[in-house]
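*Asks:* missing the sequence, but the structure's below:
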């Protein structure tokens, strides 16, 4: 493997890993803020307990998101210096703004929230977690605007003398139509992930520790499941719009999503294919007629361009070369993204059904055992869906790093040898692997531990020497 | 003033902020096994920076983002050229960040000892390597005509750069010791003060030698003035560190001492940037054509204009709310503030 190939693997591994923590951070910050708000409004201690319980899971996750995020920012310069020089005038600004506008908010106010229990006035303390939540969304918006520019460059011109893309309209970059639909889609994915986590952990307690904090955990199952279901609806709507925009700006990606080699009208959507997906006749496939046409054009009778026609057109436009992504990867990740998401929504519905009208899943019953397996899968499925979605959208852009402007093959750092990249790839993989074990161990430990005791007596000692409400 | 110069100054400011703020929390991290004699004291130390270290680190992320946006060529050449040192820094920052958050989550001495090692390693490595990196930036590195780095890993470890690393190490250790003295009560405060006295001497010597060598290579008037001021502030801070506090016979003038070390770090970093200007990364090979300067590394005036507006509006806001955090957590802490249940070993929960 050459340095570029290794750098791509590194980007894929570190980004997918980073994005396991990001959606939980985004979604859970809002859900925890909501729980704390519910406590302030109702005065019901169950919400305070839930705030602290899920708050702890949130913090364990947040730390990983932060530290793996630093790698992301450094990586562009370290592994992709040619790319960085080419796009810096455009791509750098949203990154810098993300740090200045969002990261400072998140980290500073999270510090205040963690250490501010009983030290800040209650309303200000609550405002801190809401500010963190807003920070997470701002951050997502900036970074997705940057990514969307790579999918669909806008608001720029090429300066041939400097050999780079130069910004001509910053608003166009921020309001890129790809960004405007990718942002809600990604945020909805984040809410689904966090909702699934909240519901699954709560359900586990309802079944395994019946009678303990039942009211609180019932509340959490409902909150989490409804969040998951509403997010699923939002994902379907935004995903549908995204498909149409993608067909317009990156038709090759849409064709690759279906492994549609020949232009068809109407085009079917195959749920499953046995075969090589290399354009030869598949051994077997389960097709739903017209659905790809609908996804791509909004009409069940729409014409969808095939890979071969697009390839020919791109050769005309950009010169000789292969302009199709890795088709089996795009085909399967697209299906798995949708499939894992839908199964997660079904599981959330099942969770809601099992506690309907004050009922509870009876321990020992077979259906309850299945439900428990479902609950273990529930938070993992949206995480997988997020990863599949990113792999699809990034792999689907290939061979371009900036669609129509720069190929991935020329973008890596000339100053960096394969040996350097192998070294860092090994370091990250080992480190991330070890941290994953630790992180999951801690999450499980605190998820099992159950709700904390919040009935501490009001402090009577002088304020000065009272132990910290929260200490590292 | 040209916008590219404004951004050179802003990036200098971001690094000044980063080294002043994370400087002391690197110091606290490195001194953990030195000043923290038992679990309670180590907890006190970690909690002095607990609410703020993450916000401090964002100064680095912002500085990196600003380099990318305002000087893409600079960002690309430095980050790809300093590949292995940056990898080490990233490894260190990852372990350190996770360690702060996770170390207290289990009441298990082995678990905590492991994370303590991560905190020490994670604070030591960047404290040295940032000095090495900046010394190399000021000194210049071999660049080709495309501004790509053509040296190896060991090119970066030249004696001058290593002295730079030693300087930041000594400065951050001193700064950290003074910070602990400023933020704690009791025995640990006195030990921190005494340690700062000794560390301070090392810091003065290293900084004087390093800045002297820097200016001997290429001295500009602003760089010279800033370096002299840095030295004065450091000496002033160390004098304050020896003066008894007026209201507490056990303490010293820690506030002034901290102001002194903070100002010294700020001025020393500013002096390096002043010495660098108008270059951002000089080349030791064909310096005239291959060097990166504020002019040939910068983004377009349009991008810089937008960024300037954003920076003008939001930087003061950030300073305001970060300053507020320091105000909220201004009180000194001591071993009595550490909750009992976090220290006494408890039977395993499972």
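*Replies:* Cool, the structure landed. Remember, predicted model here, so these are calculated numbers, not experimental data.
*Asks:* leaving out chain neighbours, which residue sits closest to the one residue in chain A that gets nearest to chain B?
*Replies:* Residue of chain A nearest chain B, by C-beta to the nearest C-beta: residue A:88 (2.2 Å). The way it works is simple: take the backbone N, C-alpha and C, and place the C-beta from them, glycine included. Distances taken as C-beta to C-beta, 6 or more residues apart in numbering or on different chains place residue B:72 nearest to residue A:88, at 2.2 Å, with adjacent residues excluded.
*Asks:* now the helices: where do they sit in the stretch 51-200 of chain B?
*Replies:* Using DSSP state H, counting those that start in this stretch, the helices of the stretch 51-200 of chain B run over B:53-70, B:72-81, B:83-102, B:109-139, B:159-183, B:187-217.
*Asks:* now these as CSV including mean neighbour count?
*Replies:* Rendered in CSV, the data for those read as follows (neighbours: other C-beta atoms under 10 Å in any protein chain shown):
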stretch, mean neighbour count
helix B:53-70, 26
helix B:72-81, 28
helix B:83-102, 22
helix B:109-139, 21
helix B:159-183, 26
helix B:187-217, 19
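*Asks:* just put these in a markdown table and tack on distance to residue A:300 and mean pLDDT.
*Replies:* As requested, the helices of the stretch 51-200 of chain B are exported to a markdown table (distance: least, C-beta to C-beta, whole Å; pLDDT from 0 to 100):
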| stretch | distance to residue A:300 | mean pLDDT |
| --- | --- | --- |
| helix B:53-70 | 45 | 95 |
| helix B:72-81 | 46 | 96 |
| helix B:83-102 | 50 | 96 |
| helix B:109-139 | 57 | 96 |
| helix B:159-183 | 65 | 97 |
| helix B:187-217 | 71 | 94 |
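*Asks:* looking at those helices, which is nearest to residue B:39?
*Replies:* Closest approach to residue B:39 among the helices of the stretch 51-200 of chain B (C-beta to C-beta): helix B:109-139, 7.1 Å.
*Asks:* okay, angle between that closest one and helix B:187-217 too, please.
*Replies:* 20 degrees (axes from the mean of the first three to the mean of the last three C-alpha atoms, to 10 degrees).
*Asks:* anything in helix B:109-139 near chain A?
*Replies:* No. Helix B:109-139 stays clear of chain A (C-beta under 8 Å from any C-beta of the partner chain), getting no nearer than 9.4 Å.
*Asks:* re the thing from before, residue contacts, the residue nearest to residue A:88?
*Replies:* Listed by C-beta atoms under 8 Å, 6 or more residues apart in numbering or on different chains, the contact partners of residue B:72 are A:84-85, A:87-89, A:92, A:164, B:297, B:299.
*Asks:* same check on residue A:326?
*Replies:* A:395, A:398.
*Asks:* got the angle between the helix or strand harbouring residue A:446 and helix B:83-102?
*Replies:* Here residue A:446 is covered by helix A:418-449, with elements defined by DSSP states H and E. Counting by the same axes, to 10 degrees, helix A:418-449 lies at 10 degrees to helix B:83-102.
*Asks:* just checking, what packs against helix A:418-449?
*Replies:* helix A:3-42, helix A:45-79, helix B:83-102 (3 or more C-beta pairs under 8 Å, 6 or more residues apart in numbering or on different chains; DSSP states H and E).
*Asks:* domain ranges for chain A?
*Replies:* According to automatic domain parsing, chain A comprises the domains A:3-250+A:328-465, A:255-324.
*Asks:* centre of the chain to the longest one, how far?
*Replies:* Averaging C-alpha coordinates over domain A:3-250+A:328-465 and over its chain gives two centres that are 5 Å apart (C-alpha atoms, centre = their mean, to the nearest Å).
*Asks:* residue B:340: which of the helices of the stretch 51-200 of chain B is closest?
*Replies:* Judging those by C-beta to C-beta, what sits closest to residue B:340 is helix B:109-139, at 15.9 Å.
*Asks:* any chance of CSV for the helices and strands packed on helix A:418-449, columns distance to residue B:60?
*Replies:* Shown next, in CSV, are those (distance: least, C-beta to C-beta, whole Å):
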stretch, distance to residue B:60
helix A:3-42, 17
helix A:45-79, 8
helix B:83-102, 8
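*Asks:* looking at those helices, which is nearest to residue A:270?
*Replies:* helix A:3-42 (25.4 Å).
*Asks:* quick one: that closest one near chain B?
*Replies:* No. Helix A:3-42 is not in contact with chain B by C-beta under 8 Å from any C-beta; minimum separation 10.1 Å.
*Asks:* which elements pack onto that helix?
*Replies:* Short answer (3+ C-beta pairs under 8 Å, 6+ apart): helix A:3-42 packs on helix A:45-79, helix A:122-151, helix A:177-208, helix A:214-249, helix A:366-395, helix A:418-449.
*Asks:* run the last query once more with 6 Å
*Replies:* helix A:45-79, helix A:122-151, helix A:177-208, helix A:366-395, helix A:418-449 (3 or more C-beta pairs under 6 Å, 6 or more residues apart in numbering or on different chains; DSSP states H and E).
*Asks:* kindly reformat those helices as JSON lines containing distance to residue B:211.
*Replies:* Converted to JSON lines, these look like this (distance: least, C-beta to C-beta, whole Å):
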{"stretch": "helix A:45-79", "distance to residue B:211": "28"}
{"stretch": "helix A:122-151", "distance to residue B:211": "38"}
{"stretch": "helix A:177-208", "distance to residue B:211": "46"}
{"stretch": "helix A:366-395", "distance to residue B:211": "46"}
{"stretch": "helix A:418-449", "distance to residue B:211": "32"}
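*Asks:* tabulate the ones you listed (TSV), appending mean pLDDT, mean neighbour count and distance to residue B:257.
*Replies:* Shown next, in TSV, are these (pLDDT from 0 to 100; neighbours: other C-beta atoms under 10 Å in any protein chain shown; distance: least, C-beta to C-beta, whole Å):
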stretch	mean pLDDT	mean neighbour count	distance to residue B:257
helix A:45-79	95	23	31
helix A:122-151	96	21	31
helix A:177-208	96	25	45
helix A:366-395	95	20	49
helix A:418-449	95	16	37
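*Asks:* what residues does the stretch 201-350 of chain B have near chain A?
*Replies:* B:299-300, B:302-303, B:306-307, B:310, B:314, B:318, B:321-322, B:325, B:336-339 (C-beta under 6 Å from any C-beta of the partner chain).
*Asks:* one more pass at 8 Å, please.
*Replies:* So the stretch 201-350 of chain B meets chain A at B:299-300, B:302-303, B:306-307, B:310-311, B:314-315, B:318, B:321-322, B:325, B:328-329, B:333-334, B:336-340, B:342, B:349 (C-beta under 8 Å from any C-beta).
*Asks:* pull out the buried members of those.
*Replies:* When these are checked for burial by 16 or more other C-beta atoms under 10 Å in any protein chain shown, the buried set is B:299-300, B:303, B:306-307, B:310-311, B:314-315, B:318, B:322, B:325, B:328-329, B:333-334, B:337-338, B:342.
*Asks:* ok, back up a step: wait, is the residue of chain A closest to chain B part of a helix?
*Replies:* Yes. Counting by DSSP: H, G, I helix; E, B strand; the rest coil, residue A:88 is located in a helix.
*Asks:* distance of it relative to residue B:73?
*Replies:* 8 Å (C-beta to C-beta, to the nearest Å).
*Asks:* overlap in contacts, those two.
*Replies:* Joint contacts of residue A:88 and residue B:73 (C-beta under 8 Å, 6+ apart) do not exist.
*Asks:* list the contacts of the residue nearest to residue B:101 when sequence neighbours are not counted.
*Replies:* Of all residues not flanking residue B:101 in the chain, residue A:63 sits nearest, at 3.7 Å (C-beta to C-beta, 6+ apart). When contacts are counted by C-beta under 8 Å, 6+ apart, residue A:63 touches B:97-98, B:100-102.
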